[in-house]
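A.B. asks: Here you go, sequence then predicted model.
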Amino acid sequence: MSNGAFPVWPSRRSTLASHPTIWAWPFHPEAIAYILYTSGSTGKPKGGFPVSSQHASRGDEVTPMARISCAADRLTLLMSSSFGASISDIFGALLNGAGLFPFNLKEEELLHLGDWLNNEEITVYHSVPTVFRHLVATLKGTEQFSKLRLVKLGGESVHRKDFEKFKRYFPPSCLFQVGFGATEINTICQYFCDHQSTFEGYHRACRLRDGRYGDIAA
């Protein structure tokens with residue numbers, strides 16, 4: 001990128017303030033919107049997966065991944081923007097006029113996350129299962145979460161006990177989503193449960209992005 005092959009738009013406020021002409025730069029659909037970093041099989045981080053603005057702005061793909069129903073939705077951003085799972089949150093909110101609410105897990109205490117979800121009237125919660133487990137460990141069972149309609153987990157294995165905790169602490173109107181994906185292609189498939197869902201086998205059907213169905217471990 002530094003050799004001029006790809007134009008770079010600096011996002012620091014100080015840079016933008018000192019270079020007002022940046023806002024006049026022409027942006028094309030083929031311009032890079034973001035680059036995801038992954039270690040892959042080498043163990044060494046590399047930014048090998050640039051995504052064009054045209055692809056990133058495909059609301060018909062991002063919206064189903066983020067499960068956004070309208071501009072009134074309020075999404076969490078609990079992950080680093082360099083983590084592929086954050087893409088559906090960031091662009092899902094941006095492309096639909098929904099609200100995106102960052103919560104810095106490194107600086108804020110997890111003890112306050114439950115209250116924060118209620119105070120901000122969050123409708124879509126998204127995190128890795130480890131963070132979810134820490135969250136439910138802080139709950140007392142008296143929380144309402146009246147606005148929350150979807151709990152999304154991905155990036156790690158999701159266990160049956162996670163679903164049981166979900167049913168215990170979140171309202172019957174709320175759905176539980178398990179996402180499976182990869183940095184290179186983002187979401188591969190998604191599986192949705194409600195409070196009446198049961199698991200009788202090791203594998204469950206999940207809906208793929210193209211509308212077909214496949215299997216993942218329950």
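C.D. replies: Nice, I can see it. Just so it is clear, the model here is predicted, and its values are computed rather than measured.
A.B. asks: So which residues of the chain form helices?
C.D. replies: For the chain, applying DSSP state H gives helices covering 13-18, 53-56, 59-66, 87-94, 113-119, 129-138, 160-169.
A.B. asks: Okay, buried residues for stretch 124-135 please.
C.D. replies: Within stretch 124-135, the residues scored as buried using 16 or more other C-beta atoms under 10 Å are 124, 125, 126, 127, 128, 129, 131, 132, 133, 135. To be clear about C-beta, it is placed using only N, CA and C from the backbone, and glycine gets the same treatment.
A.B. asks: ok, now stretch 159-175?
C.D. replies: Going by neighbour count (16+ other C-beta under 10 Å), the buried part of stretch 159-175 is 162, 163, 165, 166, 167, 169, 170, 174, 175.
A.B. asks: Adding pLDDT and distance to residue 155, write the residues you listed out as CSV.
C.D. replies: Converted to CSV, the buried residues of stretch 159-175 look like this (pLDDT from 0 to 100; distance: C-beta to C-beta, whole Å):
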residue, pLDDT, distance to residue 155
162, 94, 13
163, 94, 16
165, 96, 17
166, 96, 16
167, 96, 21
169, 97, 20
170, 97, 19
174, 95, 20
175, 94, 18
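A.B. asks: TSV for the residues you listed, including distance to residue 99?
C.D. replies: Conversion of these to TSV gives the following (distance: C-beta to C-beta, whole Å):
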residue	distance to residue 99
162	26
163	27
165	26
166	23
167	27
169	23
170	20
174	18
175	19
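A.B. asks: Which member of these is positioned nearest residue 114?
C.D. replies: Nearest to residue 114, judged by C-beta to C-beta, of those is residue 169 at 8.7 Å.
A.B. asks: didn't the closest one look like it was pressed against residue 139?
C.D. replies: Yes: counting by C-beta atoms under 8 Å, residue 139 is a contact partner of residue 169 at 5.0 Å.
A.B. asks: low-confidence ranges in this protein?
C.D. replies: Residue ranges of the chain with pLDDT under 70: 1-27, 29, 33, 37-69, 183-186, 200-218.
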